[in-house]
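Peer 1: got a predicted structure plus its sequence, pasted below:
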Amino acid sequence: MTKIVAISDPHLGQNGVDGLGQYSLLSTRVPQNLVRQFIKSVTAFASGEPITLLVVGDFLDLSLTYAEDALADLSALLGAFVDMTPIEEIIAVIGNHDHHLWSLHSEDKRILVPLREGRVPTHGASSRRKAAYQVTPPEGAPFGLLQPLVDQIFGSGAPRITIAYPSYQRALAGSDALLYVTHGHLFGGLYTEVSSLLENKLAGLPFAQVAATVNQPLIEFIYWLLGETGEGIGADGLVEAIYTDVQKGTISRVRGLVSRLVAQLLPHGVLWRVLGRWERKIVVDAVMAELGKVLFAPSTPANASADRFADLETTRAGLRAWLGSIGWPTQQPTIVLYGHTHVWDDYAIPDAAVHSHNLSTWLVEPNHPPPRTGFLAIDGADARWVDVTPIGAVTS
């Protein structure tokens, strides 16, 4: 029976450079890293048995770091496990910061592999199945792009590496409980709003696939912009900049853009005896008010996005709404794992057989409290949190 070690948001590649001051506590390039303590705790939990290492999104940070640095961190972290704890499988559930891995995997599987084999890419008669945003099966899919790297690190008997998006599911050994895993960025904020807005355009697809479909171009566009404008903003930073600008009132550049658009659409107004400029102002104010409803949680500070920095109950409500949207049977005993907000939470949904865990983060961020670092140790249907040495204690 394989034990599961679940973590979220390592953000490998972050080492405090470029003036950001952020660093991953699982990066061996960071002097105050907790790699040794992490592996020591995992080894104690494993007790000689093989483990499954389950990463609940943002394994790598491809928005604020170079891909080469993130992959170098990954190689070093996995290398630290060699001869310490046997790993049977590595499961990477994709988050918003490493979403490009999913795009690369999809394009490789869908287009590049057939071309290298001299075949014309095809996915059968269904036109829907030809889209790049296909989701993985519930059990994930072999991660062919990273498997050679894992093989090189571990040598013979290397663990298999699995990719999953937007979710991963498995039965828990020795019980009737299920494990459901998704990163959490699709619970709220911009991603959920856009998914809901376009849901009717993708009628017939499961809601989880709708979210994956809609957010594929959205996330890729954000990271394309980052690549064009230089590093140092990040997906959250870009969205937060938009959020902040909308709150600037009459000097908002977004408001100016909306004003120009409305002036083009309503050059003379349409209401009798109402001056065009007044009517346009009413329309702009209404549009900006609706934007405010979409973008901001009630307790969101002026410089923070509604999904990453939502209050605890807003995040929990997003989780409940997501499970309802995908039709998850709430009376099925389920352990739900997610991350994204970087805030630890242990929450049993009322009147349901669902127990959720937000696994916090390993990313230290300026002006934020030290993260609660650790992992969820799952042995059959038993799940318990294992704290790892906090910041400032003994380091490797």
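Peer 2: That came through, no problem.

Peer 1: dump the residue contacts of residue 191.
Peer 2: 96, 185, 211, 215, 218-219, 307 (Cβ atoms under 8 Å, 6 or more residues apart in numbering). For glycine as for every other residue, the C-beta is placed from the backbone atoms N, C-alpha and C.

Peer 1: make it 6 Å
Peer 2: When contacts are counted by Cβ atoms under 6 Å, 6 or more residues apart in numbering, residue 191 touches 185, 215.

Peer 1: how close does it sit to residue 84?
Peer 2: When distance is defined by Cβ to Cβ, to the nearest Å, residue 191 is 37 Å away from residue 84.

Peer 1: could you do residue 152 as well?
Peer 2: 18 Å.

Peer 1: which residue ranges form the helices in the stretch 1-150 of the chain?
Peer 2: Assigned by DSSP state H, counting those that start in this stretch, the stretch 1-150 of the chain shows helices spanning 35-46, 67-81, 99-107, 113-116, 147-154.

Peer 1: same check, this time on the stretch 151-300 of the chain
Peer 2: Using DSSP H, counting those that start in this stretch, the helices found in the stretch 151-300 of the chain span residues 189-197, 207-229, 234-246, 253-265, 276-295.

Peer 1: where among the ones you listed is the average confidence lowest?
Peer 2: The weakest mean pLDDT among the helices of the stretch 151-300 of the chain belongs to helix 234-246, with a mean of 63.

Peer 1: just so I know, which of the helices of the stretch 151-300 of the chain lies nearest residue 147?
Peer 2: When the helices of the stretch 151-300 of the chain are compared for distance to residue 147 using Cβ to Cβ, the nearest one is helix 207-229, at 22.4 Å.

Peer 1: re earlier: how about the helices of the stretch 151-300 of the chain in TSV, adding distance to residue 355?
Peer 2: Shown next, in TSV, are these (distance: least, Cβ to Cβ, whole Å):
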stretch	distance to residue 355
helix 189-197	22
helix 207-229	20
helix 234-246	28
helix 253-265	40
helix 276-295	30
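
Peer 1: nearest to residue 103, of these?
Peer 2: Nearest to residue 103, of all the helices of the stretch 151-300 of the chain, is helix 207-229, at 6.0 Å by Cβ to Cβ.

Peer 1: same for that closest one, what does it pack against?
Peer 2: Identification of packing neighbours for helix 207-229 by 3 or more Cβ pairs under 6 Å, 6 or more residues apart in numbering; DSSP states H and E yields helix 189-197.

Peer 1: what's the domain layout of the protein?
Peer 2: As assigned by automatic domain parsing, the chain contains the domains 3-184+333-387, 248-295.

Peer 1: pipe the ones you listed into a markdown table and attach distance to residue 203 per row.
Peer 2: Compiled in a markdown table, those are given as follows (distance: least, Cβ to Cβ, whole Å):
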| stretch | distance to residue 203 |
| --- | --- |
| domain 3-184+333-387 | 11 |
| domain 248-295 | 22 |
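
Peer 1: can you say which of those is packed in most?
Peer 2: domain 3-184+333-387 (a mean of 19; mean count of other Cβ atoms under 10 Å).

Peer 1: please tell me how far residue 170 sits from residue 250.
Peer 2: From residue 170 to residue 250 the distance is 53 Å (Cβ to Cβ).

Peer 1: ignore the last one, residue 366
Peer 2: Here the criterion is Cβ to Cβ. By it, residue 366 lies 31 Å from residue 250.

Peer 1: if we can go back for a sec, for residue 245, which of the helices of the stretch 1-150 of the chain is the nearest?
Peer 2: Using Cβ to Cβ, the helices of the stretch 1-150 of the chain put helix 99-107 closest to residue 245, at 23.9 Å.

Peer 1: residue nearest the centroid of this protein?
Peer 2: Closest to where the C-alpha atoms of the chain average out (Cα atoms, centre = their mean) is residue 95, at 2.3 Å.
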